[in-house]
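J.: below: sequence and its predicted model.
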Amino acid sequence: MLDDKTVSALRLALQEDLTRIEADVAELDRHERESQSEASGENVYRDHMADQGSATFERELDMTFEENERDLLGEVKAALARMDAGTYGTCARCGSEIPAARLEAVPTASLCIKCKEAEESR
């Protein structure tokens, strides 16, 4: 079982991640709004196919980063909710204890190593 000191340290790390990720998502949202605003304006350089392709690639890349950040944000919030509920450190699938070393490496882990390996092998 995780001791209180370890849980407190992990909670602090998750809260710091939460703050950082929320700021990242806000910045990506702002950048997306600016990109859409630029795309709707007249720009003679955007008329060239290569420039249009580059702009599209950059928007898609930004959207991928934002999606990844939003997924991570959800994982961090879920881990903090498990802490609040008293289920943090317990595998969501088999109910066994998740080792402290795994949680220190991946604080958002909801599955023990065995269950995670089984999930990834599917």
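T.: Now that the structure is in, tell me what you want to look at. Numbers count the residues shown, from 1 in each chain.

J.: can we go C-alpha only for contacts and neighbour counts from here?
T.: Fine.

J.: need the three-state assignment for the spatially most central residue of the chain.
T.: Most central in the chain under Cα atoms, centre = their mean is L72, positioned 1.3 Å from the mean C-alpha point. Following DSSP: H, G, I helix; E, B strand; the rest coil, L72 is assigned to helix.

J.: which ones are touching the nearest residue to it once chain neighbours are set aside?
T.: Excluding the flanking residues, the one nearest L72 by Cα to Cα, 6 or more residues apart in numbering is I21, at 7.8 Å. Shown in contact with I21 (Cα atoms under 8 Å, 6 or more residues apart in numbering): 69-70, 72-73.

J.: quick check: of the residues you listed, which has the highest neighbour count?
T.: When neighbours are counted by other Cα atoms under 10 Å, L73 leads the contacts of I21 with 22 neighbours.

J.: gap between it and K114?
T.: As judged by Cα to Cα, to the nearest Å, L73 and K114 stand 24 Å apart.
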